[in-house]
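*Asks:* quick one, fold the following:
(one chain, ligands or ions: 1)
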Amino acid sequence: MTRTVELPPSALPTDLLDLLPAGAEPMAWLRRGDGLVAWGVAARCRTSGHDRFADASDWWREVAGAAAVTDEVEVPGTGLVALGSFGFADEPGDSLLVVPEVLVGRREGRAWVTVTGSGGTPALPDLAALARRERPAPPREVTFADGAMSGAAWESVVADAVGRIGEGDLEKVVLARDLLATAAAPVDVRWPLHRLAGDYAMCWTFHVEGMFGATPEMLVRRERGLVTSRVLAGTIRRTGDDARDAGLAGQLARSSKDLEEHEYAVRSVAESLSPYCSSTNVPEVPFVLHLPNVMHLATDVTGVVHDHHESAGAAGASVLDLAAALHPSAAVGGTPTKVAVELIEEIEGMDRGRYAAPVGWMDAHGDGEFGIALRSAEVDPADPATVRLFAGCGVVAGSDPAAELAEAQAKFLPVRDALGPGPA
Ligand SMILES: C=C(O[C@H]1C=CC=C(C(=O)O)[C@@H]1O)C(=O)O
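*Replies:* Numbers count the residues shown, from 1 in each chain. Here you go, the predicted model:
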């Protein structure tokens with residue numbers, strides 16, 4: 001039984017993360033203070049392998065079909081909702097969807113709580129009492145070390161990839177590396193979530209079962225049939241000096257290397273959406289997205305979902321079907337996708353886990369949002385004092401390995417900083 005009740009917005013704290021209890025499987029999906037926080041597990045589906053998206057979709061259709069729901073708000077994100085996080089590669093591809101016991105949402109001035117339980121009408125939580133608890137403590141004595149590869153070794157992998165591109169095997173490949181953060185005690189993930197949501201409010205701050213981060217890239221949003229995808233590719237680091245950064249933004253917008261890399265990513269998204277959408281709109285020129293650490297070339301691709309799609313049933317493709325069709329886009333895989341993914345597997349030297357793969361939420365109508373899990377990290381389930389950070393870069397013919405390493409370092413910054421002490 002699932003029940004959504006409208007709340008006066010004043011019933012919620014400014015920072016929804018203040019509601020998250022420790023140790024009760026906290027989950028989050030937030031941007032500019034709005035979004036969802038959730039905890040407790042009413043139902044969970046784990047999938048893996050090549051069919052991980054299809055299996056999760058089947059499970060969701062079954063759960064949604066059988067659910068008894070009362071929903072007095074009826075906007076995307078109310079009623080039965082699952083949060084999910086998927087594996088990047090087909091192997092092992094470990095993925096999950098979770099229906100939380102409690103979900104609190106806020107969107108454009110409306111607020112709600114959804115509770116799900118088995119048997120009887122589930123009770124509403126005491127949100128005022130939850131919001132009064134103490135904030136989490138920062139991780140203590142955090143040290144960082146190289147993950148699978150040193151920076152120098154990774155540069156030589158990037159150089160190999162540039163060689164393969166030169167030989168004509170492929171046009172672009174996105175290569176990533178990892179860092180290991182070790183703290184003196186288990187990391188309370190609510191601390192970095194507070195920091196990320198505060199410092200990167202324009203990004204989507206997420207957490208699902210240990211995978212957390214603040215991503216600037218919306219793989220796909222579906223809202224009453226309207227589809228949006230924010231494509232990012234092409235990056236320049238910020239200096240912190242506004243006048244210089246404005247000059248760099250202009251340089252980025254004219255850089256043929258970055259425009260080429262961006263074009264591949266936009267094309268792959270538009271092509272993947274076209275079988276599912278009756279009209280797609282692709283702006284001709286990207287805009288420059290300014291983040292505190294880097295600037296990206298960005299394009300918002302939009303479309304309208306067909307009412308019918310052979311693989312998706314009467315309601316058209318759900319946001320999860322669309323995420324499955326789009327993953328891995330050229331922003332995280334490369335071009336052509338198959339060759340790029342094989343090259344990643346061959347030379348990257350690590351398992352990406354759920355990094356660079358869809359993370360987000362969906363409702364029973366098939367609406368929802370899946371971002372790409374970038375600027376992200378995973379708390380080690382076997383040792384929660386260890387956190388693995390990920391960052392990657394698009395490599396094309398003109399890439400310089402040292403510059404790509406510096407770009408990856410800049411992309412580690414959001415999570416690196418979030419694990420440190422500071423205002424929460
Ligand atoms: C792979 C990452 O970024 C992607 C998204 C935006 C820009 C990118 C770039 O310019 O290389 C990457 O394709 C990452 O942040 O780990």
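
*Asks:* how far off centre is the host helix or strand of Leu289?
*Replies:* Remark: Leu289 resides in strand 287-290, with elements defined by DSSP states H and E. What separates the centre of strand 287-290 from the centre of its chain is 19 Å, taken as Cα atoms, centre = their mean, to the nearest Å.

*Asks:* show me what counts as buried in that strand.
*Replies:* Within strand 287-290, the residues scored as buried using 16 or more other Cβ atoms under 10 Å are 288-289. Any C-beta I mention is one placed from the backbone N, CA and C, and that applies to glycine too.

*Asks:* now for the one helix or strand Leu193 maps to, which elements pack on it?
*Replies:* Here Leu193 is covered by helix 190-199, with elements defined by DSSP H and E. In terms of contacts (3 or more Cβ pairs under 8 Å, 6 or more residues apart in numbering; DSSP states H and E), helix 190-199 is packed against strand 27-31, strand 204-208, strand 211-215, helix 401-418.

*Asks:* got the contact list for it?
*Replies:* Outside of helix 190-199, the residues within contact range by Cβ atoms under 8 Å, 6 or more residues apart in numbering are 15, 17, 20, 22, 26, 28, 30, 33, 135-139, 203, 205, 207, 212-214, 292, 377, 414-415, 417-419, 422-424.

*Asks:* then it to CSV, C-alphas only?
*Replies:* Coordinates of each C-alpha in helix 190-199 appear next as CSV, following Å, rounded to 0.1, in the frame of the first residue of the first chain:
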residue,chain,number,x,y,z
ARG,A,190,25.0,12.5,4.6
TRP,A,191,28.0,14.8,5.2
PRO,A,192,29.3,14.8,1.5
LEU,A,193,25.7,15.1,0.4
HIS,A,194,25.1,18.3,2.4
ARG,A,195,28.4,19.7,1.0
LEU,A,196,27.6,18.7,-2.6
ALA,A,197,24.1,20.0,-2.5
GLY,A,198,25.4,23.3,-1.1
ASP,A,199,28.4,23.8,-3.3
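
*Asks:* quick one: that helix to chain centroid distance?
*Replies:* For helix 190-199 - counting by Cα atoms, centre = their mean - the centre lies 15 Å from the chain centre.

*Asks:* next: stretch 124-140.
*Replies:* Worked out by Cα atoms, centre = their mean, stretch 124-140 lies 24 Å from the chain centre.

*Asks:* got the contact list for it?
*Replies:* The set of residues external to stretch 124-140 that reach it, using Cβ under 8 Å, 6+ apart, is 5, 7, 11-13, 18-19, 21-22, 102, 104, 113, 115, 181, 183-185, 187-188, 190-192, 194, 419-422, 424.

*Asks:* who in the protein is up against the ligand?
*Replies:* Applying the criterion Cβ under 6 Å from any ligand atom, the portion of the chain that neighbours the ligand consists of 174, 176, 217, 232-235, 296, 331-332, 356, 374-375, 391-394, 411.

*Asks:* from the residues you listed, which land in helices?
*Replies:* For the residues of the chain next to the ligand, the ones inside helices are Lys411, with DSSP state H as the criterion.

*Asks:* remind me which helix or strand Leu259 belongs to.
*Replies:* Secondary structure here is read from DSSP H and E; on that basis Leu259 sits in helix 256-273.

*Asks:* show me where the stretch 51-200 of the chain has helices.
*Replies:* Residue ranges of the helices in the stretch 51-200 of the chain, as given by DSSP state H, counting those that start in this stretch, are 52-66, 127-131, 151-166, 190-199.

*Asks:* all helices for the stretch 301-424 of the chain, in order.
*Replies:* Taking DSSP H, counting those that start in this stretch as the criterion, the stretch 301-424 of the chain carries its helices at 319-326, 337-347, 401-418.

*Asks:* need the winner for burial among these.
*Replies:* Comparing those by mean neighbour count (mean count of other Cβ atoms under 10 Å), helix 319-326 comes out on top with a mean of 25.

*Asks:* what is the neighbour count of Asp126?
*Replies:* Around Asp126 sit 9 other residues, with neighbours defined as other Cβ atoms under 10 Å.

*Asks:* for Arg224, that is, sorry about that
*Replies:* By other Cβ under 10 Å, the burial measure for Arg224, its neighbour count, is 11.

*Asks:* tell me the pLDDT of it.
*Replies:* Looking at Arg224, its pLDDT is 90.

*Asks:* residues touching it, list them.
*Replies:* By Cβ under 8 Å, 6+ apart, the contact list for Arg224 reads 76, 365, 367.

*Asks:* at 7 Å instead, please
*Replies:* Asp367 (Cβ atoms under 7 Å, 6 or more residues apart in numbering).

*Asks:* for it, give its distance to the ligand.
*Replies:* Distance of Arg224 to the ligand, given as Cβ to the nearest ligand atom, to the nearest Å: 28 Å.

*Asks:* now that residue: phi and psi?
*Replies:* Backbone torsions of Arg224, given as degrees, to the nearest 10, read phi 50, psi 40.

*Asks:* how near is it to Asp363?
*Replies:* Separation of Arg224 from Asp363 (Cβ to Cβ, to the nearest Å): 11 Å.

*Asks:* so where is this protein shaky, pLDDT-wise?
*Replies:* Low-confidence segments of the chain, defined by pLDDT under 70, span residues 308-315, 423-424.

*Asks:* which residue is most remote from the mean position of it?
*Replies:* The outermost residue of the chain, judged against the average C-alpha position, is Gly120 (34.5 Å), by Cα atoms, centre = their mean.

*Asks:* residue contacts, the nearest residue to Glu91 once chain neighbours are set aside?
*Replies:* Taking Cβ to Cβ, 6 or more residues apart in numbering, and ignoring the residues beside it in sequence, Glu91 has Gly49 as its nearest neighbour in space, at 6.8 Å. If you count contacts by Cβ under 7 Å, 6+ apart, Gly49 has them with 90-91, 93.

*Asks:* filter those residues to the buried ones?
*Replies:* Gly93.
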